[in-house]
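Undergrad: fold the stuff below for me.
(chains A and B)
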Number of protein chains: 2
Amino acid sequence: MVKSLKSTPREDGFRMPGEFEQHDKCWMVWPERTDNWRLGGKPAQTAFVEVAETIAKYEEVTMCVSQSQYEAARGALSDKIRVIEMSNDDAWMRDIGPTFVINNIGEIRGVDWRFNAWGGLLDGLYFPWDKDDQVARKVCEIENIDYYSLDDFILEGGSIHSDGDGTAMVTEECLLSESRNPHMTKEEIEQKLKDYIGVEKVLWLPHGIYLDETNGHVDNIVHYCAPGVVVIAWTDDENDPQYPLSKASYDYLVNETDAKGRKLEIHKLHIPDEVLITKEESEGVDVIAGTLPREEGDRQAASYANFYIANKAIILPLFSDEKYDNEAIELLGHIFPDREIVGVPCREIILGGGNIHCITQQQPTAK
Amino acid sequence: MVKSLKSTPREDGFRMPGEFEQHDKCWMVWPERTDNWRLGGKPAQTAFVEVAETIAKYEEVTMCVSQSQYEAARGALSDKIRVIEMSNDDAWMRDIGPTFVINNIGEIRGVDWRFNAWGGLLDGLYFPWDKDDQVARKVCEIENIDYYSLDDFILEGGSIHSDGDGTAMVTEECLLSESRNPHMTKEEIEQKLKDYIGVEKVLWLPHGIYLDETNGHVDNIVHYCAPGVVVIAWTDDENDPQYPLSKASYDYLVNETDAKGRKLEIHKLHIPDEVLITKEESEGVDVIAGTLPREEGDRQAASYANFYIANKAIILPLFSDEKYDNEAIELLGHIFPDREIVGVPCREIILGGGNIHCITQQQPTAK
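TA: A predicted model of the protein is given here:
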């Protein structure tokens, strides 16, 4: 018996924990859109398998997959991974999965936001998106978890970060976009976040990563590492179009305090050198009207901040960039001394428009 | 982590419990084939909803449904029912779901038989059946239950009954059919049953119900009510083609003992008066080459033995047959004094070729 609740997590005493808190498991979706993933999705599937099997060393992983790819996914994944049939429009579990909230008496619930493919008919990335929008409640029913269903509020999981201790981070670029909830004021949107992820304060960064297709998701520019501790995607190159974006968000955060009145400890996480789509990569993608094209020379929104915090490990995207890959490993090793820093090559994921954090969704442990 | 096991339940100490033992939940599949269920499946869906909601008063129910009917099923069912997406070729969870086995230290596992739509290309009821054949392992993965996967042994759950105490019942008509495992001898088939449902003795009834589309599934002619106690579908009308079939099975059982050396207590459960498809009912079914036609005047394999034993209740098919409906209720009330006897109208289910037992699959409690 799984209930769709009409109250709010806030009034029921639930909060979204930090990603660094204990997880029960991790959810993913198998990539297969041939108009987004090159060569019929095969290289991306190989990359997703590596992400899944890596995370599975630290916590349970469930891979959701459409019927048409069910046998292929089941065959490609080891029996450490649970494979469950689920229709989808693409593979971004961070954005389409439930946001899990917990209370302090060992209960867990889901939040089922509405999803419109990062912008609906205005600047969304594909149409239709109805199967993606069903994923959150399907996950909750499989897990026997009651969920809060929002009738009309558009939000993707990748556009929010929570420190689990009263503070959320978002970007104005995304949450105030015309293509999300244009009928609502900033204050009304902030109230929704307070009500549904159980925070007292929302920090509004101005921008995300340059050319990010999601209208600047917060999970590509910063990551909460602990209450009061964040990393921010950075570049020292003042001529890089990313520079003013990162600078503006950095300056904002430096001058802010969180819900507990703390100044933030902010670590700069340098982005890799430019990642551009090659001719061969571009040519492997089906060209379909209405889907974002993948053109030769397009710059990807590459950022190390898009890592996944697993139990006892950081699953870090690597860009085959010797200098900055190693810098990222070193910095995160310093910030997370009790976790293994495990790099996974991410090129075939970033080519689809996101990274390791975007394709994962943690289910926290109710405690 | 769900494992596909290559050992057997017998060697691992597992047995298939009797249906009358405690259940954790019941599994069903939403009907939608328009070439089997009239009027786009709507009347059958209403009947399945009533079965599900009735069982849900006694134990949890999970309804599996294809993506195309997901919203319809979720909307038609109350939130007492868990709804999970699952592709299928039709709606007979008894035959396509896992057979669950338990041991005596609180563990449960599944048996994933191969399925060929009751006869494959020889006399099967539809083609293809690949989605049905995946259902058992999908259920096991959802439940995190390890399962025994048989490479090449065809069997439907409705073709076996277990008393949980060492004895199984099957029919020769079905298990020795040319369209199941024609490469195997009767002794080899019996050994498979002993190995995979953990019994020491198999009772081989000659026949099932007249005109049963499944080659005479045992679950339409008898039901184990307790170790040593069975009901058998019966008719007093010696001119009914069912008479010699029931008589032969009755005579067989009277002269047999079970694995524990018990003589069987056998109760005759009189079948309803003839159930024939009407013109209107026939006309509501899509005519598709390769699928069994549903012709006006066709006699249905109607039997009260096709009930479902839920925790604390018997879910009994009713045929709007005042005399025999009431006889069945009375007899089962006598046999099951501690369970409620709850009748559910079954006409829209029998029109699809089976009944309440065929559309349900219990998941026993590991204890």
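Undergrad: so A:Ile189, which state does it fall into?
TA: At A:Ile189 the chain is in helix, as set by DSSP: H, G, I helix; E, B strand; the rest coil.
Undergrad: so it sits against A:Ser177, correct?
TA: No: assessed by C-beta atoms under 8 Å, A:Ile189 is found out of contact with A:Ser177, at 10.6 Å. No exception for glycine: its C-beta is placed from N, CA and C like everyone else's.
Undergrad: contact partners for A:Lys6?
TA: A:Tyr148, A:Ser149 (C-beta atoms under 8 Å, 6 or more residues apart in numbering or on different chains).
Undergrad: go on, A:Gly354?
TA: Here A:Gly354 is in contact with A:Trp92, A:Arg94, A:Gly158, A:Thr214, A:Asn220, A:Asn306 (C-beta under 8 Å, 6+ apart).
Undergrad: equivalent analysis for A:Ile271, please.
TA: Counting by C-beta under 8 Å, 6+ apart, A:Ile271 has contacts A:Ile209, A:Ala233, A:Trp234, A:Thr235, A:Gln242, A:Ala302, A:Ser303, A:Tyr304, A:Tyr324.
Undergrad: just the residues you listed now: which is nearest chain B?
TA: A:Tyr304 (30.0 Å; C-beta to the nearest C-beta).
Undergrad: phi, psi for the closest one please.
TA: Main-chain torsions, A:Tyr304, degrees, to the nearest 10: phi -70, psi -20.
Undergrad: burial count for it?
TA: Neighbour count of A:Tyr304, defined by other C-beta atoms under 10 Å in any protein chain shown: 30.
Undergrad: repeat for A:Thr278
TA: Count around A:Thr278 with other C-beta under 10 Å applied: 12.
Undergrad: hang on, it packs against A:Glu296?
TA: Yes: here A:Thr278 reaches A:Glu296: they are 6.6 Å apart, a contact under C-beta under 8 Å.
Undergrad: and A:Gly216, what does it touch?
TA: A:Gly216 touches A:Thr171, A:Glu173, A:Cys174, A:His207, A:Gly208, A:Ile209, counting by C-beta under 8 Å, 6+ apart.
Undergrad: if we go to 10 Å?
TA: A:159, A:170-175, A:177, A:205-210, A:245, A:249, A:301 (C-beta atoms under 10 Å, 6 or more residues apart in numbering or on different chains).
Undergrad: A:Ile142 now?
TA: By C-beta under 10 Å, 6+ apart, the neighbours of A:Ile142 are A:2, A:27, A:62, A:64, A:82, A:84, A:86, B:62, B:82-85, B:142-143.
Undergrad: ok, 7 Å please
TA: A:Ile84, B:Ile84, B:Ile142 (C-beta atoms under 7 Å, 6 or more residues apart in numbering or on different chains).
Undergrad: how about A:Ser246?
TA: Here A:Ser246 is in contact with A:Ile232, A:Ala233, A:Trp234, A:Thr235 (criterion: C-beta under 7 Å, 6+ apart).
Undergrad: strands - which of these land there?
TA: A:Ile232, A:Ala233, A:Trp234 (DSSP state E).
Undergrad: of these - the most surrounded one?
TA: For the ones in strands among the contacts of A:Ser246, neighbours tallied by other C-beta under 10 Å; top is A:Ala233, 27 neighbours.
Undergrad: that one and A:Gln361: what is the separation?
TA: 21 Å (C-beta to C-beta, to the nearest Å).
Undergrad: what does A:Asp212 give?
TA: Distance from A:Asp212 to A:Gln361, by C-beta to C-beta: 19 Å.
Undergrad: what residues does the stretch 51-200 of chain A have near chain B?
TA: Within the stretch 51-200 of chain A, the positions adjacent to chain B are A:67, A:70, A:79-80, A:82-87, A:131, A:134, A:138, A:141-142, A:144 by C-beta under 7 Å from any C-beta of the partner chain.
Undergrad: what residue in the stretch 201-350 of chain A comes nearest to chain B?
TA: Counting by C-beta to the nearest C-beta, the stretch 201-350 of chain A gets nearest chain B through A:Asn311, at 15.1 Å.
Undergrad: and A:Trp92, what are its phi and psi?
TA: phi -110, psi 80.
Undergrad: wait, doesn't it sit right on A:Thr360?
TA: No: the criterion here is C-beta atoms under 7 Å, and A:Trp92 misses it with A:Thr360 at 9.6 Å.
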